[in-house]
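> Could you look at this predicted model? Sequence included:
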Amino acid sequence: ADPARYIYVYRDPADLLLSQHQFFSGGMLGVLAIPFRAWVSMWTAGSIQYGSWWDHVRGYWEVRNDERMLLLRYEEMIKDLPTTIR
């Protein structure tokens with residue numbers, strides 16, 4: 001049996017969508033000049049660099065009941081970290 005334990009942190013998709021757009025289009029990198037509506041279309045279609053958020057999270061969500069897996073929602077961690085990680 002695999003003795004490893006895994007922690008997966010995921011974000012609310014709406015928050016992530018906005019954060020990624022800001023990061024790539026002007027915030028940190030400023031390398032893309034994609035209008036927000038176009039970004040939303042690309043993001044929801046999974047046509048961005050990292051692929052589909054839905055497909056990625058679904059893979060971890062399907063094993064969330066595995067005793068070796070701990071899924072944490074970023075927004076809950078920010079509100080109350082000690083309670084969230086217990």
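Thanks, I have it. These numbers were taken from a predicted model, which means no experiment stands behind them.
> contacts, neighbours, all on C-alpha from now
OK.
> Return the distance of residue 68 relative to residue 55.
The gap separating residue 68 from residue 55 is 21 Å, by Cα to Cα, to the nearest Å.
> Residue 43 now?
To residue 55, residue 43 is 12 Å away according to Cα to Cα.
> Between these two, which has more neighbouring residues?
Comparing residue 43 with residue 55 by neighbour count (other Cα atoms under 10 Å), the higher total belongs to residue 43, at 21 against 11.
> give the contact list for the more buried one.
Neighbouring residues of residue 43 by Cα atoms under 8 Å, 6 or more residues apart in numbering: 17, 51-53.
> Among the residues you listed, which has the minimum pLDDT value?
When the contacts of residue 43 are compared by pLDDT, residue 51 scores lowest at 85.
> quick check, it in a helix?
No - read with DSSP: H, G, I helix; E, B strand; the rest coil, residue 51 is coil and lies in no helix.
> Please indicate which of the contacts of residue 43 are buried?
Buried members of the contacts of residue 43, counted by 16 or more other Cα atoms under 10 Å: 17, 52-53.
> Done for today, thanks.
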